[in-house]
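Asker: Please find the sequence and the predicted model below.
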Amino acid sequence: MIKKESSNDLRLRRHARIRKNISGDSEMPRLNVFRSNKEIYVQVINDVEGKTLASSSSVALKLKNGGNAEGAKLVGKDIAEKCKNLKITKVVFDRGGYLYHGRVQALADAARENGLEF
């Protein structure tokens with residue numbers, strides 16, 4: 001009997017396809033997004049050195065409801081401010097296999113409004 005792939009398995013396949021083509025370095029690190037049903041997480045990663053330069057999440061900000069677009073906007077604003085402090089202005093956006101819609105789009109728009117370029 002053939003096992004049906006879950007939606008997360010399909011997302012991971014999409015993410016692997018995306019990651020073949022994008023990578024972050026010291027000049028343009030990768031802005032990676034992970035979302036769960038309740039929370040949203042974002043990291044700025046230098047893939048050459050294998051280091052996380054900055055991170056933010058709805059958990060770290062102690063948001064009551066991090067699983068909505070308003071929470072994603074606050075996380076996007078926070079990561080943009082952290083990147084400004086590290087003098088990072090340009091990043092490569094990695095949507096993690098998720099559709100560029102809803103919370104992922106809200107996070108990206110908030111990061112752009114607060115000074116990140118991608």
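Answerer: Ah, there it is. Note that the structure is predicted; figures quoted are calculated from it, not measured.

Asker: Bridge partners for the most centrally placed residue in the chain, pull those for me.
Answerer: With distances taken as CA atoms, centre = their mean, residue 33 lies nearest the centre of the chain, 2.1 Å away. Listed beta-bridge partners, residue 33: residue 42 (assigned using DSSP bridges).

Asker: can you pull the contacts of it?
Answerer: Taking CB atoms under 8 Å, 6 or more residues apart in numbering, we find residue 33 in contact with 40, 41, 42, 93, 94, 95, 96, 98, 104, 107, 108. Just so you know, the C-beta spots here come from the backbone N, C-alpha and C atoms, and that holds for glycine as well.

Asker: burial of the last one, as a residue count?
Answerer: I take that to be residue 108. Using other CB atoms under 10 Å, residue 108 has 20 other residues around it.

Asker: could the contacts of residue 33 be laid out in CSV, adding distance to residue 61, pLDDT and secondary structure?
Answerer: Below are the contacts of residue 33 laid out as CSV (distance: CB to CB, whole Å; pLDDT from 0 to 100; DSSP: H, G, I helix; E, B strand; the rest coil):
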residue, distance to residue 61, pLDDT, secondary structure
40, 10, 97, strand
41, 11, 97, strand
42, 11, 98, strand
93, 20, 97, strand
94, 21, 96, strand
95, 20, 95, coil
96, 19, 95, coil
98, 20, 96, coil
104, 17, 97, helix
107, 12, 97, helix
108, 17, 97, helix
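
Asker: By neighbour count, which of the residues you listed wins?
Answerer: Highest count within these by other CB under 10 Å belongs to residue 107, 29 neighbours.

Asker: Where do the strands of the chain begin and end?
Answerer: Along the chain, counting by DSSP state E, strands occupy 30-35, 40-46, 51-57, 92-94.

Asker: out of these, nearest to residue 81?
Answerer: Residue 81 lies closest to strand 51-57 among these, at 8.9 Å (CB to CB).

Asker: mind saving the C-alpha coords of the closest one as PDB?
Answerer: These are the backbone C-alpha positions of strand 51-57, laid out as PDB (Å, rounded to 0.1, in the frame of the first residue of the first chain):
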ATOM      1  CA  LYS A  51      26.000  30.700  11.800                       C
ATOM      2  CA  THR A  52      22.700  32.300  12.800                       C
ATOM      3  CA  LEU A  53      23.300  36.000  12.900                       C
ATOM      4  CA  ALA A  54      20.000  37.100  14.400                       C
ATOM      5  CA  SER A  55      16.600  35.500  15.200                       C
ATOM      6  CA  SER A  56      13.200  36.400  16.400                       C
ATOM      7  CA  SER A  57       9.900  34.700  17.100                       C
END
